[in-house]
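Q: Got a sequence here, can you model it:
(one chain, ligands or ions: 1)
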Amino acid sequence: MSQVLTPCPNFIGGEWQTPSGASTPVFNPSTGDIIAECPAGGAAEVNAAVEAAHAAFPGWRDTPPIERARIFFKYRQLVEENFDLLCKTVSREHGKTHAEARGSIFRGLENIEYACGIPTLLFGDSLKNIARGVDCETINLPLGVCVGITPFNFPAMVPLWMYPLALACGNTFVLKPSEKVPLCAVLLGQLLEQAGIPKGVFNIVHGGRESVDALLTHPKVKAVSFVGSTPIAKYIYDTATKHGKRCQANGGAKNYIVVMPDADVAKTVENLSTAAFGCAGERCMAGSTAITVGAAGDRLMPELIAAARAIKVGPTDRAAQPDMGPVITAAHRDRVLSLLASGEKEGARIVADGRGVKIADAPKGFYVGATIVDNVQTGMTLAREEVFGPVLNVMRMDDLDAAIELANKSAFGNGAAIFTNNGRAAREFTMRVKAGMVGVNVGVPATMAMFPFTGWDDSFYGDLHIQGKEAVQFYTQQKVISSRWFGGDVGDVWKK
Ligand code: NAD
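A: You can find the predicted model right below:
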């Protein structure tokens with residue numbers, strides 16, 4: 001029986017438009033069914049969206065920040081009222097469990113709340129009398145048309161990292177969501193329209209590389225925010241900056257969690273398991289490698305293996321919820337399986353095996369069960385590459401120095417965490433580990449809206465990160481105004 005497909009229009013100049021050309025299928029990963037067709041996009045659609053955003057810029061820039069903030073207060077309310085629908089859309093197009101989807105939308109909502117504070121976030125500095133009779137002030141002005149290009153793994157949260165703050169700063173925006181999960185973006189756009197965003201201020205253009213390239217090279221685009229895999233992040237950063245745009249490009253990751261011998265076993269297992277297998281491991285902050293120090297490995301492994309084996313995998317698009325959903329596509333599942341096969345071939349041991357998991361009532365879904373690989377060694381492909389699936393590598397080291405040295409060899413630098421009861425070990429780790437976001441007994445130290453998302457090395461290309469005050473700086477340019485009024489000394493005007 002053929003399914004009714006969910007519409008997936010572009011949003012350009014305040015009009016919802018479904019182009020008639022090529023498209024790519026959007027799957028429900030729980031069932032393997034096609035649920036929508038995502039328009040392929042391209043230069044014509046991108047040009048129309050950028051032109052609409054460019055035309056809307058002067059009016060939006062000159063709208064007082066408090067009035068812009070009011071739209072985001074309204075938007076916040078609408079997102080909250082539509083929370084369940086958004087969660088179901090995330091589960092349906094991405095495969096997150098309802099609980100994971102709720103968490104992700106909540107993180108997105110916090111970004112809208114942060115944007116509501118724009119009148120104070122935009123404050124500049126001023127100093128009277130920097131020279132005799134001369135005053136100086138800095139003002140923070142928007143850039144113009146900003147662009148967001150987002151990945152599949154957080155269909156609502158990552159777009160929400162970008163456009164609420166960019167718009168609140170007075171910019172206009174073109175969002176290019178992942179072609180694998182475009183439906184949440186459409187829903188979020190409809191809610192923003194309902195909140196009263198003026199026509200052309202916010203636009204959505206779908207598609208893949210062709211749309212991206214047209215955005216990166218369009219002369220009227222001023223800034224590009226990107227989140228996705230490292231090779232594409234590097235390409236985006238190089239191309240955008242070559243074309244004179246500001247760019248912040250978040251890439252992939254391989255995050256290490258060091259477990260010290262004194263760590264609380266039950267709490268560590270619970271956190272490690274969530275960090276590795278939450279969202280089926282499809283998180284840039286997933287704790288994908290545990291480095292156990294000394295006796296920690298033998299203390300931890302029996303409970304860790306039992307926890308992984310107890311994780312129930314299944315479809316997330318119905319009322320009864322599993323512990324973990326599918327991965328995004330059949331091709332991605334096959335990649336995860338092939339990385340596991342390479343690890344085994346190179347001498348690692350699969351001690352909790354999620355391969356070959358079969359779901360009776362969803363036989364065509366894209367499933368991999370929670371998997372733990374022990375004895376992973378530095379040179380292995382599995383140790384180097386981002387797996388982005390429900391796979392936890394275990395590497396064993398003799399002491400904290402060796403564990404830090406191992407973690408610091410990674411080309412990435414997104415997150416790292418330590419589990420210990422020893423403050424001295426925690427301090428040493430937080431100071432020396434080469435990662436932008438560090439957790440102490442926190443398995444997924446992903447930052448909230450008021451702090452920047454501070455990836456390092458191959459996890460980030462750019463200067464100013466997404467979220468927090470750094471993002472306000474990214475989405476604004478400063479002007480410094482020095483003023484002098486001729487006619488005498490201070491007080492003269494009052495004498496007349
Ligand atoms: P991806 O790089 O394949 O795609 C991201 C975006 O780039 C999509 O919108 C896609 O359409 C576009 N794109 C893909 N190939 C392109 C090409 N050749 N030219 C131009 N544009 C292209 O990433 P993904 O698979 O959707 O997402 C998963 C990746 O994102 C993982 O590596 C994950 O670690 C990373 N990620 C990073 C963060 C972070 O903050 N560091 C957050 C979430 C996800």
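
Q: in what helix or strand does Gly108 lie?
A: helix 98-115 (DSSP states H and E).

Q: could you say what helices and strands the very next helix or strand once past that helix packs with?
A: Next helix or strand after helix 98-115 toward the C-terminus (DSSP H and E): helix 118-121. Packed against helix 118-121 by the contact rule (3 or more Cβ pairs under 8 Å, 6 or more residues apart in numbering; DSSP states H and E) you find helix 65-81, helix 157-168. C-beta coordinates here come from the backbone N, C-alpha and C atoms, glycine included.

Q: most packed of those?
A: Compared across the helices and strands packed on helix 118-121, helix 157-168 shows the largest average neighbour count, a mean of 27 (mean count of other Cβ atoms under 10 Å).

Q: And the helix or strand just after it, how far out from the chain middle?
A: As assigned by DSSP H and E, the chain's next helix or strand after helix 157-168 is strand 172-176. For strand 172-176, the distance from its own C-alpha centre to the chain's C-alpha centre is 16 Å (Cα atoms, centre = their mean, to the nearest Å).

Q: quick revisit: mind exporting the C-alpha coordinates of the helix holding Gly108 to PDB?
A: What follows is helix 98-115, C-alpha atoms only, in PDB (Å, rounded to 0.1, in the frame of the first residue of the first chain):
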ATOM      1  CA  HIS A  98      10.300  10.100  22.100                       C
ATOM      2  CA  ALA A  99      12.400  10.900  25.200                       C
ATOM      3  CA  GLU A 100      15.500  11.700  23.100                       C
ATOM      4  CA  ALA A 101      13.400  13.800  20.800                       C
ATOM      5  CA  ARG A 102      11.900  15.700  23.800                       C
ATOM      6  CA  GLY A 103      15.400  16.400  25.100                       C
ATOM      7  CA  SER A 104      16.600  17.700  21.800                       C
ATOM      8  CA  ILE A 105      13.600  20.000  21.300                       C
ATOM      9  CA  PHE A 106      14.000  21.300  24.800                       C
ATOM     10  CA  ARG A 107      17.700  22.200  24.000                       C
ATOM     11  CA  GLY A 108      16.400  24.000  20.900                       C
ATOM     12  CA  LEU A 109      13.800  25.800  22.900                       C
ATOM     13  CA  GLU A 110      16.500  27.100  25.200                       C
ATOM     14  CA  ASN A 111      18.100  28.800  22.200                       C
ATOM     15  CA  ILE A 112      14.900  30.600  21.500                       C
ATOM     16  CA  GLU A 113      14.800  31.700  25.100                       C
ATOM     17  CA  TYR A 114      18.300  33.000  24.900                       C
ATOM     18  CA  ALA A 115      17.400  34.900  21.700                       C
END
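
Q: Tell me which residues of it come out buried.
A: Within helix 98-115, the residues scored as buried using 16 or more other Cβ atoms under 10 Å are 98, 100-105, 107-112, 114-115.

Q: closest to the ligand out of the helices and strands packed on helix 118-121?
A: helix 157-168 (5.8 Å; Cβ to the nearest ligand atom).

Q: Please work out the average pLDDT along that closest one.
A: For helix 157-168, the mean pLDDT works out to 98.

Q: Secondary structure element holding the nearest residue to Cys284 once chain neighbours are set aside?
A: Closest residue to Cys284 apart from its sequence neighbours, by Cβ to Cβ, 6 or more residues apart in numbering: Ala253 at 4.7 Å. Element membership of Ala253, judged by DSSP H and E, is empty: it is in no helix or strand.

Q: same check, this time on the one 3 residues further on
A: Take DSSP H and E as the rule and Tyr256 turns out to sit in strand 255-259.

Q: need the next SSE after that strand, C-terminal direction.
A: Following strand 255-259 toward the C-terminus (DSSP H and E): helix 265-277.

Q: wait, what's in contact with the residue of the stretch 1-150 of the chain found nearest the ligand?
A: In the stretch 1-150 of the chain, the residue that lies nearest the ligand is Ile149 (4.9 Å; Cβ to the nearest ligand atom). Contacts for Ile149 were tallied using Cβ atoms under 8 Å, 6 or more residues apart in numbering; they are Lys176, Val212, Leu215, Val224, Ser225, Phe226, Val227, Gly228, Ile236.

Q: can you list the weak-confidence ranges in the protein?
A: 1-2, 488-496 (pLDDT under 70).

Q: any idea how far the most centrally placed residue in it is from Arg107?
A: Centroid-nearest residue in the chain: Val158, 4.1 Å away (criterion: Cα atoms, centre = their mean). Distance, Val158 to Arg107, by Cβ to Cβ, to the nearest Å: 10 Å.

Q: Ala240 now?
A: Here the distance between Ala240 and Arg107 works out to 26 Å (Cβ to Cβ).

Q: And the helix holding Gly108, how far out from the chain middle?
A: Its chain's average C-alpha position is 12 Å from that of helix 98-115, according to Cα atoms, centre = their mean.

Q: tilt between it and helix 65-81?
A: Angle, helix 98-115 to helix 65-81, by axes from the mean of the first three to the mean of the last three Cα atoms, to 10 degrees: 170 degrees.

Q: I'd like to know which elements helix 98-115 is packed against.
A: Looks like helix 98-115 contacts helix 65-81, helix 83-94, helix 157-168 (3+ Cβ pairs under 8 Å, 6+ apart).

Q: what's the longest one packed up against?
A: So that's helix 65-81. Using 3+ Cβ pairs under 8 Å, 6+ apart: helix 65-81 touches helix 98-115, helix 118-121, helix 157-168, helix 183-195.

Q: Format the ones you listed as TSV; extra columns: distance to Ala320.
A: Shown next, in TSV, are these (distance: least, Cβ to Cβ, whole Å):
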stretch	distance to Ala320
helix 98-115	10
helix 118-121	42
helix 157-168	25
helix 183-195	23
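
Q: Out of those helices, the one nearest Arg484 is which?
A: Closest approach to Arg484 among the helices and strands packed on helix 65-81 is made by helix 118-121 (28.6 Å; Cβ to Cβ).

Q: what's the offset of the very next helix or strand once past the closest one from the middle of its chain?
A: Heading C-terminal from helix 118-121, the first helix or strand you meet, by DSSP H and E, is strand 126-131. Its chain's C-alpha centre and that of strand 126-131 lie 41 Å apart, by Cα atoms, centre = their mean.

Q: Write out the residues of the chain neighbouring the ligand.
A: For the chain, the residues found near the ligand under the criterion Cβ under 6 Å from any ligand atom are 149-154, 158, 176, 178-179, 208-209, 212, 227-229, 232, 235, 250-253, 284, 386, 388, 414, 453, 455, 459.

Q: Now a PyMOL select for only the buried ones of those.
A: To isolate the buried ones among the residues of the chain next to the ligand in PyMOL, judged by 16+ other Cβ under 10 Å, type:
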select buried, resi 149+150+151+152+153+154+158+176+178+179+208+212+227+228+229+232+235+250+251+252+253+284+386+388+414+453+455+459
